[in-house]
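Novice: structure of the sequence below:
(one chain, ligands or ions: 1)
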Amino acid sequence: MNREQWSSKLGFILAAAGSAVGLGNIWRFSYVVGTEGGAAFVLLYLVIISLIGYPLLTTEIAIGRKTQRNPVGAFKALAPNSPWWLVGGMGVLAGFVILSFYSIVAGWSLAYTAKAITGFDATADFTGMFVGHITSLWPPIIWHAIFMALTIGIIASGVVNGIQRASKILMPALFIIILILVVRGLTLPGAGAGVSFFLSPDFSEVTSKTFLRAIGQSFFTLSLGMGALITYGSYLKREDNISDSAAWIVGIDTAVALLAGFAIFPAVFALGFEPGSGAGLAFMTLPAVFASMPFGTLFGFMFFFLLAIAALTSAISLLEVVVAWIVDEKGWSRTKAAFTLGGIIFLTGLPPTLGFSVLSDIKFLGMDILDTYDFFASDVMLPLGGLLTAVFAAHVWKTKNAIEEINSPKGVISFGNWYTVLVGYIIPIAIAIVMIVGIYDKVIK
Ligand code: PHE
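Specialist: Residues are numbered from 1 along each chain as shown. All right, here's what the predicted structure looks like:
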């Protein structure tokens, strides 16, 4: 069977940026920055993104383009008759788990898009409104179902007509709306306290858990450590350069996260919200911002609509990993794979949805079911996947081959011997230390 390819380098960059930019940049970034103490966390995140995120993102794309396979097949192709394919297998599993809670939060965005049509009333109790929504029984399930149906529909339509087309239109629109929100947030009276929370670091708040969460957030936001970029790289043409595209993807993703921070934190402080309030932060604060601005109804509608869309261009990459695996390895048709696996993911998404209503008594290490899925997938499986991918590229595939693949054709950024030291030693050791200490603190202590 002929494998589809992105029609241009720009098509690839936008699709991969579409995967990267999503709820991770707005919902997850703002709430984790809020609970982990602000600017010190942001600084850590930026260091990790550049020293670990960028080289690993480039590596994943190179593995994908070299082998033209899904994550499991890619490891099998480069290291036949060895257990390394399990790393790809763990990626497929992580995609499965992440999509089952991702779709729920994306469903909240759809629900808020609908609520925004009637406008947000400035005197409303936005915390109550959010809690009311997530603790209700049917609405979150229905929106989760609608979101999964959209994801399945796009994946069933294919790589170019589905994924690439959706990303090209929607990404630029999201960027513009966020810029408008930044201006509104920064001009609210009292915005300064939020800016300093976001920009002046207080290192006394940093613990081993902060490092673990910063690594987890970096991997999550870059779609790293689970083979999404191996899969997207597998549709990339040989004549397209890798290192520069990877820099664009990382740059766009980081810019959107920082802009989201400037849109959200000034408003959090100006309107008297708590930055550490957790997963509802963006959903409780932003409606209040919209309610306080001219044309707020219109902007509110556009924002939540685009948030849902940004989530969609990420969700399709999660489902694509799972679908590409079963299509390549088991010979299923794309349509059958998309509907069957998407359907199962809908079902595994039910426990975390119900974790706020009928299953609200179930807690794991103090986390609700949704946070538990998120913790194991994002803070454990993704960094572990990244660590093993780095070891694999440097010591099994060998850095010489990885560098050769990355540098052909040559781009503005060219990879050299520093890659061997960084990816072969520094990155795996750094991730291992952070994971061991962070998980020990969180789970055992
Ligand atoms: N990067 C996406 C986001 O920030 C989430 C994601 C994670 C997508 C892993 C694909 C793979 O929202």
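
Novice: going forward, measure contacts and count neighbours with C-alpha atoms only.
Specialist: Will do.

Novice: contact residues of this structure facing the ligand?
Specialist: 19-25, 220-224, 228, 314, 317-318 (C-alpha under 6 Å from any ligand atom).

Novice: rerun at 8 Å
Specialist: Contacts of the chain with the ligand, taken as C-alpha under 8 Å from any ligand atom, map to 19-25, 28, 95, 98, 102, 219-228, 310-311, 314-315, 317-318, 378.

Novice: so residue 42 touches residue 198, yeah?
Specialist: Yes. Assessed by C-alpha atoms under 8 Å, residue 42 is found in contact with residue 198 at 7.4 Å.

Novice: neighbour count: those two, which is higher?
Specialist: residue 198 (25 against 22; other C-alpha atoms under 10 Å).

Novice: counting by contacts, list what the strand or helix carrying residue 266 packs against.
Specialist: Element membership for residue 266, per DSSP states H and E: helix 243-270. The helices and strands touching helix 243-270, judged by 3 or more C-alpha pairs under 8 Å, 6 or more residues apart in numbering; DSSP states H and E, are helix 9-20, helix 29-35, helix 54-67, helix 165-186, helix 192-199, helix 281-291.

Novice: list the buried ones in the helix or strand where residue 343 lies?
Specialist: Here residue 343, judged by DSSP H and E, is contained in helix 334-348. Buried residues in helix 334-348, counted by 16 or more other C-alpha atoms under 10 Å: 334, 335, 337, 338, 339, 341, 342, 343, 345, 346, 348.

Novice: distance check, the first one against the ligand.
Specialist: As judged by C-alpha to the nearest ligand atom, to the nearest Å, residue 334 and the ligand stand 19 Å apart.

Novice: just the fourth one next, same as before
Specialist: Residue 338 sits at a distance of 16 Å from the ligand (criterion: C-alpha to the nearest ligand atom).

Novice: so that residue is in contact with residue 155, correct?
Specialist: Yes. Using C-alpha under 8 Å, residue 338 is in contact with residue 155, at 6.4 Å.

Novice: now for these two: what residues contact both?
Specialist: Overlap between the contact sets of residue 338 and residue 155, as judged by C-alpha atoms under 8 Å, 6 or more residues apart in numbering, is given by residue 319.

Novice: need the residues that contact the helix or strand harbouring residue 429.
Specialist: For residue 429, the host element (DSSP H and E) is helix 427-439. Helix 427-439 is touched from outside by 52, 208-212, 215, 380, 383-384, 387-388, 390-391, with contacts defined as C-alpha under 8 Å, 6+ apart.

Novice: list the contacts for the closest residue to the ligand within the stretch 51-200 of the chain?
Specialist: Using C-alpha to the nearest ligand atom, residue 95 is the residue of the stretch 51-200 of the chain that sits closest to the ligand, at 6.4 Å. The contact partners of residue 95, by C-alpha under 8 Å, 6+ apart, come to 226, 318, 319, 321, 322.

Novice: recalculate using a threshold of 10 Å.
Specialist: 89, 102, 223, 225-228, 315, 317-322, 345, 377-378, 381-382 (C-alpha atoms under 10 Å, 6 or more residues apart in numbering).

Novice: ok, of these, which come out buried?
Specialist: 89, 102, 223, 225-228, 315, 317-322, 345, 377-378, 381-382.

Novice: which parts of the stretch 301-445 of the chain are helices?
Specialist: Taking DSSP state H, counting those that start in this stretch, the helices of the stretch 301-445 of the chain run over residues 334-348, 350-354, 369-374, 382-391, 399-406, 418-421, 427-439.

Novice: please identify the deepest-packed of the ones you listed.
Specialist: Greatest average neighbour count among the helices of the stretch 301-445 of the chain goes to helix 382-391 (a mean of 24), per mean count of other C-alpha atoms under 10 Å.

Novice: and the angle from it to helix 399-406?
Specialist: 100 degrees (axes from the mean of the first three to the mean of the last three C-alpha atoms, to 10 degrees).

Novice: so which residue is smack in the middle of the chain?
Specialist: Nearest to the geometric centre of the chain sits residue 221, at 3.6 Å (C-alpha atoms, centre = their mean).

Novice: how much space between that residue and residue 215?
Specialist: Distance, residue 221 to residue 215, by C-alpha to C-alpha, to the nearest Å: 10 Å.

Novice: need the residues touching each of the two.
Specialist: 49, 53, 378.

Novice: buried residues, stretch 147-155. List them.
Specialist: So, applying 16+ other C-alpha under 10 Å, buried residues of stretch 147-155: 147, 148, 149, 151, 152, 153, 154, 155.

Novice: now for these: which two are most distant?
Specialist: 147 and 155 (12.6 Å; C-alpha to C-alpha).

Novice: which residues are in contact with each of these two?
Specialist: In contact with both residue 147 and residue 155: residue 315, using C-alpha under 10 Å, 6+ apart.

Novice: which residues touch residue 234?
Specialist: 3-6, 60-71, 74, 228.

Novice: next, count neighbours for residue 104.
Specialist: 26.

Novice: that one reaches residue 140, doesn't it?
Specialist: Yes. Judged on C-alpha atoms under 10 Å, residue 104 makes contact with residue 140 at a distance of 7.0 Å.

Novice: lovely, talk soon.
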